[in-house]
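Peer 1: please find the sequence and the predicted model below.
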Amino acid sequence: MQRKSTFKIFVLFTIVLVNTGFLFGQNWVVPAEKKAKASPFLFTEVTSKQGEAVYTKNCQSCHGNPGKDNALKSLTPQPPDPAADKMQKNTDGEIFYKISEGKAIMPSFKNILSETDRWDIISYIRSFNKSYTQAAINTNASTSSPVKIRVKFDSITKKLIFSAKKATKKDSVPVVDAETEIFVMRYFGNMQLDSSQQTNDSGIVAFSIPEKLPGDSTGFLKIIVKMNDDATGEKSDTFKLKIGVPTIVPGLTANRAMWNVVSKSPVWLLATYFSILLGVWVFLIYVITRLVKLKKLGKETK
Amino acid sequence: MSEKEDKPKKKTRREFLQQIGIVGAGTILAGSAIYAGFSYQNKKKPGDRIKVLTAENELIEVDKNDTTKAKKVLATDLTELQKEGREGIPGKRWVYVVDLSKCRNARKCMSACNEAHHLRPEQHHINTLLMKESKNTPAYYMPKPCMHCDNPPCVAVCPVDATYKRPDGIVLIDNERCIGCRFCIAACPYSARILNWIKPEKEEEDKGKTYNVELNIPQRLGTVSKCLFSADRIREGKLPYCVSACPNGVYYFGDENEDAVTNGTTKETVPFRKLLEDNGGYRLMSDLGTQPRVYYLPPKNKSYPFQDKDKPEAEKDVSEG
């Protein structure tokens, strides 16, 4: 009897646990390799102040003032207060990932805020947590050696291959395991191509390019590559490559249409107008010639 | 005959007085005539001045003698702003995408637009409509700007070439040509156009500004105005006012030729055709053949529920059954 009730309690407990986890949507899973990502700089009062400014402009309208518990209550799921445990128990890397990518009603900020801005925000958020100690940061980042990125296009597999090398005192070594993203430059912003990938052991990373990617009139495209390596920090480079489809499109006013200017009006309209005009004139001239002829005839008979 | 001889010789007192009288009267008459002439000259002046309307729309008076005939301003003599406003940005075909599943009636687009184009609060270049089509279909919010049609009925009916379509797709109005006939308002199936029936809100403030055809500022009384796709912002490489003001990621704007549209909130750039393909994009009243440049993504899986307070307004015109 007792064993049965214990079992019941156990089952009930598990159900409740699973449901709460499910209902409150606390299962925002962050990929393991992103979880461990750490800030490239030390959090100080200065970075926290800068973070406050960015936070006030971009986050406060929904998340409220940290510690004041005045987040926007009308939203579901409810945005957590940054000072609350729910936020603070995330690792720095997790918060960074969530700010960057967004989910459901939380917007993605990776195209709006620079990485430094995002880390500044985390610095500000952490200033409300007395028990927080920053993980040891990689000091190599500041004294990084220059990274050289080379590009090659494989026209058979339609892949863009980048190789990154870091110059050291003796020779150059490949940049290994650096997260790389490529973008194509567009009028209002940069459009990401393919998903982000990591460089392999020889510092090489390949991206597939979609077919029929519109380029300029000669097929040129500006490709931006962003490489983020824990040891060297972020490196970005721009290449002008002839890998797009040449795009020469006439203006939308090129064709004849009812709404277009007089010189571009439809042929049938012009034909109708001028034939009516011509018809009227021909008739008038005919009448006059007949009248003249009639007068002549009158003279002859006299 | 003594009388006859006497007469020429000696003037009688009567004759003398008569002559004096005539001369005096003559002098007085002449004097008064001269005086009247002078006073007339003085009086005549204001009447001889003519009223002239300056380019700044100010009514002034000038002396008729001081005027010279002005060179006739031809319709082709446009300001630089008007010229570039007719040409557009080469090689582009702008497209506007509205994701109805993201809209929660924040109306930030409308206020940003009204501020930019100096409109009164009740005037709309973009308006968020509360929609409910029938009893059983869901209610949703629908922002509606000008569709910038590729086959614009409004442009076809304009008798003075005031409204026109540019090679990059934008339909604009030149308020300096507009005569306020409102044919275009009647022709537009989307009710996108408005008329400045009363004095524009910031008329005093805008006085003396060079007219910008890509911004419709200064707004002019008695002329038509409408959404311009923020042609002035696009020229600077910035997203339109409404698109960048949206806090909910409703709007995308971009170039069809580049096959890329950028979200105004997240600033994320995505392929235009794939966005439509994945989300079932459509255009409003496409059966009319107007070929709008504004695309809609259906209100599926809405991020925000339709608010209860908006329900009576949305359900107002829904018939039973």
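Peer 2: In hand now; what should we look at? Residues are numbered from 1 along each chain as shown, chains lettered A, B, ... in the order given.
Peer 1: which ones are touching the nearest residue to residue B:238 once chain neighbours are set aside?
Peer 2: Excluding the flanking residues, the one nearest residue B:238 by Cβ to Cβ, 6 or more residues apart in numbering or on different chains is residue B:244, at 7.1 Å. All C-beta atoms are positioned from the backbone trio N, CA, C, and that covers glycine. Taking Cβ atoms under 8 Å, 6 or more residues apart in numbering or on different chains, we find residue B:244 in contact with B:112, B:238, B:264.
Peer 1: retrieve the pLDDT associated with whichever residue of chain A sits closest to chain B.
Peer 2: Relative to chain B, the nearest point of chain A is residue A:251 (2.6 Å; Cβ to the nearest Cβ). At residue A:251, the model reports a pLDDT of 93.
Peer 1: mind listing what it touches?
Peer 2: Contacts for residue A:251 (Cβ under 8 Å, 6+ apart) come out as B:88, B:90, B:166-168.
Peer 1: is the residue nearest to residue B:238 within a helix or a strand, and which one?
Peer 2: Element membership of residue B:244, judged by DSSP states H and E, is helix B:241-245.
Peer 1: quick check: residue B:52 vs chain A, distance?
Peer 2: Counting by Cβ to the nearest Cβ, to the nearest Å, the separation of residue B:52 from chain A is 33 Å.
Peer 1: on the three-state scheme, that residue is what?
Peer 2: Here residue B:52 is strand, with the state taken from DSSP: H, G, I helix; E, B strand; the rest coil.
Peer 1: for it, give me its contacts.
Peer 2: B:59-62, B:67.
Peer 1: try 7 Å
Peer 2: By Cβ atoms under 7 Å, 6 or more residues apart in numbering or on different chains, the contact list for residue B:52 reads B:60, B:62.
Peer 1: report the beta-bridge partners for it.
Peer 2: Taking DSSP bridges as the rule, residue B:52 bridges to residue B:60.
Peer 1: which intervals of chain A have sub-threshold pLDDT?
Peer 2: By pLDDT under 70, the low-scoring segments of chain A are A:1-26, A:137-145.
Peer 1: how about the strands in it?
Peer 2: Remark: strands assigned in chain A by DSSP state E are A:147-154, A:159-167, A:172-174, A:179-185, A:190-198, A:204-208, A:221-229, A:233-241.
Peer 1: how many neighbours does residue A:171 have?
Peer 2: Per other Cβ atoms under 10 Å in any protein chain shown, the neighbour tally for residue A:171 reads 7.
Peer 1: might you report the residue contacts of it?
Peer 2: Listed by Cβ under 7 Å, 6+ apart, residue A:171 has no contact partners.
Peer 1: just give me the longest helix of chain A.
Peer 2: Ranked by residue count and defined by DSSP state H, the top helix of chain A is helix A:267-301.
Peer 1: domains of the chain?
Peer 2: Defaulting to chain A. Domain segmentation of chain A under automatic domain parsing yields A:27-126, A:147-241, A:261-286.
Peer 1: try again with chain B
Peer 2: Domain ranges of chain B: B:9-90+B:151-226, B:94-149+B:231-313, per automatic domain parsing.
Peer 1: helices along chain B, start to end?
Peer 2: Listed in chain order, the helices of chain B (DSSP H) span B:2-9, B:13-48, B:80-87, B:108-116, B:153-157, B:183-187, B:203-206, B:231-235, B:241-245, B:272-279, B:311-314.
Peer 1: nearest to residue A:277, of these?
Peer 2: Checking the helices of chain B against residue A:277 by Cβ to Cβ gives helix B:153-157 as the closest, at 21.6 Å.
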